[in-house]
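Asker: starting from these lines, generate the structure:
(chains A and B)
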Amino acid sequence: MIDHSKPKHYALTMLPYPSGDLHIGHWYAMAPSDVRARYMRMRGYNVLFPMGFDAFGLPAENAAIQRGIHPHKWTMSNIERMRRQLKSMGAMFDWEREAISCLPGYYRWTQWFFLKLYDMGLAYRKKSPVDFCPKCNTTLAREQVWGEDRHCERCGTPVIKKELEQWFWRITDYAEELLDFSKIDWPERVVTMQTNWIGRSEGANVTFLSEQEDPIIVFTTRPDTLWGATFMVLAPEHPLVDKLTTPGHREEVEEYKYQAARQSEIERLSTEKEKTGVFIGAYAVNPVNDERIPIWIADYVMMTYGTGAIMAVPSHDERDFEFALKFGLPIIPVIDRPDGVAKSFVMQGTMKDGFADALTEAGIPFEEREGSLYVTMDRSQVERYIALAQAHVQPGSWIEVVGTGWAFIFADEVIPFDGVEAEQKILARCKELEPAVHDKRTVMEMLWGVEFYRDVLFHAEYGTMINSGPFTGTPGDVAVKKVIEWLEERGIGEFAVNYRLRDWLISRQRYWGAPIPIVYCDKCGVVPVPYEDLPVILPPDAVIPPTGENALKYHEGFLHTTWPKCGGPATRETDTMDTFVCSSWYHYAYLSPYYKEGEPAHADSTPFDPDEAAYWLPVDVYTGGVEHATMHLIYTRFFTKAMRDMGLVDFDEPMLMLRNQGIILAEDGFRMSKSRGNVVAPDDLVERYGADTVRGYLMFGWRWEQGGPWDPHGIEGVYRWLHRVWNLVLEPGQSASQRVSEPTEKEVADLRRWTHKTIKRVTDDMEAFAFNTIISALMEFTNALQKAKQTSLYGTEAWDEAIETLLLLLAPCCPHIAEELWARTGRPYSIHLQPWPEYNPDLAAEEVITLVVQVNGRVRARLEVPADITEEAAREAALSDPNVQRHIAGKEVRKVIYVPGRLVNVVV
RNA sequence: GGGGAAGUGUCGGAAUGGGCAGACGAGCGUGACUUAGGAUCACGUGGGGCAACCCGUGCGGGUUCGAGUCCCGCCUUCCCCA
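Answerer: Alright, predicted model coming up:
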């Protein structure tokens, strides 16, 4: 049936969720994609352009609760309506390949993939926190948690986090490979988003020990700052928290954990938010210097990042700095400032006379305000400054140098600020001399009080290590590497790569999804359903409880089963799979929907027809919204890589080219939504203007990748244009018999130039997804043809070529009107099976060009000259133009710049 | 706070290997046809000036014979991340 000698083109547009009605946004995404699919077909490709429905998901259950309709019935009737609406678009969708993800013939293969991943060790079960409503006694999906206070969508009860056993897929095994985009042509934006999402960082895992010798592993990208780690922070959920918390702190810790569990990740990580945390009473030992450091818990540390514990280096990590300042924890600088800036504030009365003069003499810059000195110096001046300061400081006072060369200068000694011990000593002496600082808990807190110092107290850059025992003096560019080597030698740490990407949590505590094919056997434990027993059918008679709880948990028939291997009683897993699982492989399902339905599956089955796959895969062009950049588009890449490792496919990437369309907003500039009542209904537009006009307008009105607000007037322009095209082709013009004269050679050449120029423009724009300029090129061509129709060109061969070309170029965009005009002008069915017109560069070439003549870069003349004009002739013509003459009169021509075929610029 | 994209007439938007800014359309204006027009057709439409010309692509600099386009700094909006 398909001529396999022709090249193939698999064009795919993201499948819709069957929400009820087709939205103008669906049209905006799909119609231009269809235009391109049709274009490729005319270019001689066999084109696969399928459509289906992402049919599992939460709204179906909400409808069931609110209106008493079963999710299956609700979904299928929505699909029926949307399918009808989709057909009104006039897209070339191959409906024979339609795939609906909630049908058993589809989801048994979704389950089959689960079993394969399970066999490969890529699926595992782990405790993980989920949002849970204590009143409804159910877990909630992310979109069911509302508002700043995170309350339950249904009953308004504040949501809590609850630890549940859930299924994960090891997408992190592929993290490194997912960072490689060399085999795909995807928008830079998506590549960047995915790269950030995966978030690879290099550093070290370092083992700290609690005083009870519990190992606490932390990941750090800055092992060079280890000597500045003055405390540790664990995520409130960290498993060691309970064990390490001392009785006196237990109550406070429990209270804090409860608070933290109620917050969302975004809130917890916000840098805007005031830092919170509590000390758990326990201490750890910093393995590099054996310092005893306190252990805190704080919500800015996430269990999901790294190991859920951090070493806090307040001197060189912004969040740690803020935290330490607030809670009075020591802050010891261990990396020198790369800029070498040092500051010293000299309060009036702390120094003997002559200090300012001594500084001037030494060339150390300072400002004097109200008797106090504000000294800002560079590294080379610090030593000299300290000496001068010590010589001049009054016995009852002190001054300090901060930023670089950190030191506290007293008349009798200089104490370098180089560690916790020094910190204690400095604090004690200062408090003795100055009662105003009695409440300062740390040196840094004291310094922070001086406004002048604030910009040099903290930095997060790489630099020479200081105050770091044996590493002091190690330059910043090798520090990380050297420290890691040293840690490895001593067995207290090792090089490590950390990813922000987490394993994919696929468990959903919902009814309307593909059941996870696992049973819990009383004897054998967690066991997979045999491949042959798939699908695990979602019981159609399940009753959705009004709370929204998972109906499967209450369906006795579903719940109780036997494990065939031992014949013993077993309970089914009641979690279903994330709908992103269904959509991760739908482009394979389209090849042969519901493949081998009714036949048992096996471990070595393929979920799709291998012959179809061999011909069509992979997807050549994928179009859809950029909002899927970090979810669906990562999951589907992971899926394909896993399928490759199962031996199902022999390529690495599912979609070779990706292009994103923007979003059509409502007329008011807001997102269209039923609640706002600003939705544009495509059905109404189709009824009023016809599908071709709607398609044309969606192409013409916006930059496709950008989108923008709907403009109800703009569509009229496209409507009028198509009317003009209709009349242009069908209304009789001056007929050949009445022709007063034959067209001149020039007239014919001009018309053919229009024709071939337009072919080139439209073809180039098709390749570039520049749909708006396709329509404007066709409009301009139409305008030119309307003028030509008034002349003796009408009815000539060149005229017929022009009309035929117009219709062919129009065919992908406005398939109905193009077909109709094609038929009415006596051409053979179907226009859509015609080859795309060929562009002839010789015919498109201009004979006459407009030569722009500038004097000093300003346009002074426009000359019509032959396109092949020589440089000499062009210069001569330019210089002899009267207006040009006028502007260069009395001035010396210094230079004449000639851009062939474009302009002459006379410089005077 | 970090990263990315974008700022062009009244509006949607054209034009980037630097070379006629505002294509095409909407809107508006004038005219024609018409009993009528929210139909159709024609013409006009960045600002200033009678004109020659001058000024104009978020703001300020720079490179260049020449900058919407390249470089530096800033402002605004949107998106992503924290």
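Asker: and the longest helix for chain A?
Answerer: helix A:745-767 (DSSP state H).
Asker: so after that one, what's the next helix or strand?
Answerer: For helix A:745-767, the following helix or strand on the C-terminal side (DSSP states H and E) is helix A:771-789.
Asker: and that following helix, what's buried?
Answerer: Across helix A:771-789, burial judged by 16 or more other C-beta atoms under 10 Å covers A:771-775, A:777-779, A:781-782, A:784-785, A:788-789. The way it works is simple: take the backbone N, C-alpha and C, and place the C-beta from them, glycine included.
Asker: same thing with stretch A:695-703?
Answerer: Across stretch A:695-703, burial judged by 16+ other C-beta under 10 Å covers A:695, A:696, A:697, A:698, A:699, A:700, A:701, A:702.
Asker: how about stretch A:378-391?
Answerer: A:381, A:382, A:385, A:386, A:388, A:389, A:390.
Asker: identify the farthest-apart pair in these.
Answerer: Using C-beta to C-beta, the buried residues of stretch A:378-391 reach their maximum pairwise distance at A:381 and A:390, which is 14.7 Å.
Asker: who are the contact partners of the residue of the stretch 101-250 of chain A found nearest RNA strand B?
Answerer: Closest to RNA strand B within the stretch 101-250 of chain A is residue A:193: 4.4 Å, counting by C-beta to the nearest atom of the strand. The contact partners of residue A:193, by C-beta atoms under 8 Å, 6 or more residues apart in numbering, come to A:629, A:630.
Asker: please apply the same query to residue A:587.
Answerer: Per C-beta under 8 Å, 6+ apart, neighbours of residue A:587: A:10, A:12, A:50, A:619, A:622, A:636, A:654, A:655.
Asker: I'd like to know which of those residues are part of strands.
Answerer: Those of those mapping onto strands are A:10, A:12, A:619, A:622, A:655, per DSSP state E.
Asker: for the third one, give the beta-bridge partners.
Answerer: Using DSSP bridges, the bridge partners assigned to residue A:619 are residue A:655.
Asker: can you tell me the element the closest residue to residue A:532 other than its chain neighbours falls in?
Answerer: Nearest residue to residue A:532, sequence neighbours excluded (C-beta to C-beta, 6 or more residues apart in numbering): residue A:600, at 4.5 Å. Under the criterion DSSP H and E, no helix or strand holds residue A:600.
Asker: before we move on, what about residue A:139?
Answerer: strand A:138-140.
Asker: which residues does that strand contact?
Answerer: Contacts of strand A:138-140 (C-beta under 8 Å, 6+ apart): A:130-133, A:152-153, A:159, A:162, A:164, A:509, A:547-550.
Asker: let's go with 6 Å and repeat that
Answerer: Residues from elsewhere that reach strand A:138-140 (C-beta atoms under 6 Å, 6 or more residues apart in numbering): A:130, A:131, A:132, A:133, A:509, A:547, A:548, A:549.
Asker: the helices in the stretch 351-500 of chain A, which residues?
Answerer: A:355-362, A:379-392, A:420-433, A:443-448, A:476-490 (DSSP state H, counting those that start in this stretch).
Asker: burial count for the closest residue to RNA strand B within the stretch 351-500 of chain A?
Answerer: As assessed by C-beta to the nearest atom of the strand, RNA strand B sits closest to residue A:500 within the stretch 351-500 of chain A, at 5.9 Å. For residue A:500, the count of nearby residues is 15 (other C-beta atoms under 10 Å).
Asker: for it, what are its contacts?
Answerer: Contacts of residue A:500 (C-beta under 6 Å, 6+ apart): residue A:199.
Asker: which helices and strands does the longest helix of chain A pack with?
Answerer: helix A:771-789, helix A:797-810, helix A:841-844 (3 or more C-beta pairs under 6 Å, 6 or more residues apart in numbering; DSSP states H and E).
Asker: can you list the residues that contact the longest one?
Answerer: It refers to helix A:771-789. A:32, A:696, A:699-700, A:704, A:721, A:724-725, A:728, A:733, A:751, A:754, A:758, A:761-762, A:765, A:802.
Asker: so what's residue A:179 closest to, chain neighbours aside?
Answerer: residue A:198 (5.7 Å).
Asker: hmm, the one you found is touching residue A:501, no?
Answerer: Yes. Using C-beta atoms under 6 Å, residue A:198 makes contact with residue A:501 at a distance of 4.6 Å.
Asker: what touches both of these two?
Answerer: residue A:175.
Asker: can you tell me the element the residue of chain A found nearest RNA strand B falls in?
Answerer: RNA strand B sits closest to residue A:717 of chain A, with a gap of 2.4 Å, by C-beta to the nearest atom of the strand. If you go by DSSP H and E, residue A:717 is part of helix A:714-730.
Asker: now the contacts of helix A:771-789: which count as buried?
Answerer: Among the contacts of helix A:771-789, the ones that count as buried (16+ other C-beta under 10 Å) are A:32, A:696, A:699-700, A:704, A:721, A:725, A:728, A:733, A:751, A:754, A:758, A:761-762, A:765, A:802.
Asker: among those, which one has the lowest pLDDT?
Answerer: Among the buried ones among the contacts of helix A:771-789, residue A:733 carries the weakest pLDDT, at 75.
Asker: contacts only, for that residue.
Answerer: So residue A:733 contacts A:789, A:794 (C-beta under 6 Å, 6+ apart).
Asker: again, only using 10 Å
Answerer: A:727, A:786, A:788, A:789, A:790, A:791, A:793, A:794, A:795, A:799 (C-beta atoms under 10 Å, 6 or more residues apart in numbering).
Asker: what helix or strand does it sit in?
Answerer: Residue-wise, residue A:733 maps onto no helix or strand under DSSP H and E.
Asker: tell me how far it lies from residue A:746.
Answerer: 20 Å (C-beta to C-beta, to the nearest Å).
Asker: ok, residue A:190 next?
Answerer: According to C-beta to C-beta, residue A:190 and residue A:746 sit 50 Å apart.
Asker: please apply the same query to residue A:862.
Answerer: With the distance defined as C-beta to C-beta, residue A:862 ends up 20 Å from residue A:746.
Asker: look at these two and report which has more neighbours.
Answerer: Each of residue A:862 and residue A:746 has its neighbours counted (other C-beta under 10 Å); residue A:862 has more, 13 against 10.
Asker: doesn't residue A:881 make contact with the more buried one?
Answerer: Yes. Applying C-beta atoms under 10 Å, one finds residue A:862 in contact with residue A:881, separated by 9.3 Å.
Asker: find residues that contact each of the two.
Answerer: A:851, A:853.
Asker: can you tell me the SS state at residue A:168?
Answerer: Put simply, residue A:168 is strand when judged by DSSP: H, G, I helix; E, B strand; the rest coil.
Asker: quick check: the gap between it and residue A:727.
Answerer: Using C-beta to C-beta, we find residue A:168 at a distance of 63 Å from residue A:727.
Asker: out of these two, which sits in the busier spot?
Answerer: residue A:168 (18 against 12).
Asker: who's in contact with the more buried one?
Answerer: Per C-beta under 10 Å, 6+ apart, neighbours of residue A:168: A:122, A:123, A:124, A:125, A:126, A:128, A:502, A:503, A:504, A:505, A:506, A:507.
Asker: would you mind checking the residues you listed for buried ones?
Answerer: A:122, A:123, A:125, A:128, A:503, A:504, A:506, A:507.
Asker: backbone phi and psi for the most centrally placed residue in chain A, please?
Answerer: Centroid check for chain A by C-alpha atoms, centre = their mean gives residue A:193 as the closest residue, at 3.5 Å. Per-residue torsions, residue A:193: phi -60, psi -40 (degrees, to the nearest 10).
Asker: cool, and residue A:665?
Answerer: Dihedral angles (degrees, to the nearest 10) for residue A:665: phi -90, psi 170.
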